[in-house]
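Undergrad: Turn this into a structure:
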Amino acid sequence: MSGQTNETLAERIAEATAGMNTWLRALPEWPSHPVNPTRTVSAHFGPTLLSEHDCVLHYARFLADSGVPWEDMHLELSPGQWMYETAPGARPKRIDLAIVPRDRLAAAKLPAAAGTLPLDE
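TA: Presented below is the predicted three-dimensional model:
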């Protein structure tokens, strides 16, 4: 992703998101939609077992197919003390999937002040 614009990255993410949405909706449906005993949480669309991690991995696959380099995707990123200068609890404990272009990451002076190394663009 080095040298590419944020707009190009946003377009690739939008393409991957649309592809993931289409793929999920094409999965066969359960004959009866499973829910927990209190009926407050439901399972996925169909008889494909998809954990949170499965969904992140499949989304990463769609991102790669859209042109986002695998090397710029970071799964299970834990922004620890080495990454941010913030008070305990002020940063997320875990980010399921972050896209951080290598050139931006290489140029970062870590630990960074909160908000100077954006992981949510």
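Undergrad: What is the longest helix anywhere in the chain packed up against?
TA: Longest helix in the chain, counting residues (DSSP state H): helix 6-26. Other elements packing on helix 6-26 under the criterion 3 or more Cβ pairs under 8 Å, 6 or more residues apart in numbering; DSSP states H and E are helix 52-65. Glycine gets a C-beta too; all of them are placed from N, C-alpha and C.
Undergrad: Contacts for whichever helix or strand comes after the helix it packs on next, please.
TA: Under the assignment DSSP states H and E, the closest C-terminal helix or strand after helix 52-65 is strand 73-77. Strand 73-77 is contacted from outside by 56-57, 60, 63-64, 94-100, 119, using Cβ atoms under 8 Å, 6 or more residues apart in numbering.
Undergrad: And the pLDDT for residue 89?
TA: On pLDDT, residue 89 comes in at 59.
Undergrad: no, scratch that, I was asking about residue 37
TA: Residue 37 is given a pLDDT of 84.
Undergrad: Neighbours of it, how many?
TA: 6 (other Cβ atoms under 10 Å).
Undergrad: that's a helix at residue 97, yeah?
TA: No - under DSSP: H, G, I helix; E, B strand; the rest coil, residue 97 falls outside any helix and is assigned strand.
Undergrad: Run the angle between the longest helix of the chain and helix 52-65 for me.
TA: Relative orientation of helix 6-26 and helix 52-65, computed by axes from the mean of the first three to the mean of the last three Cα atoms, to 10 degrees: 130 degrees.
Undergrad: coming back round to it: considering the contacts of strand 73-77, which possesses the most neighbours?
TA: residue 63 leads those on contacts (other Cβ under 10 Å) with 24 neighbours.
Undergrad: Would you quantify the distance from it to residue 69?
TA: In this view, residue 63 and residue 69 are 9 Å apart by Cβ to Cβ, to the nearest Å.
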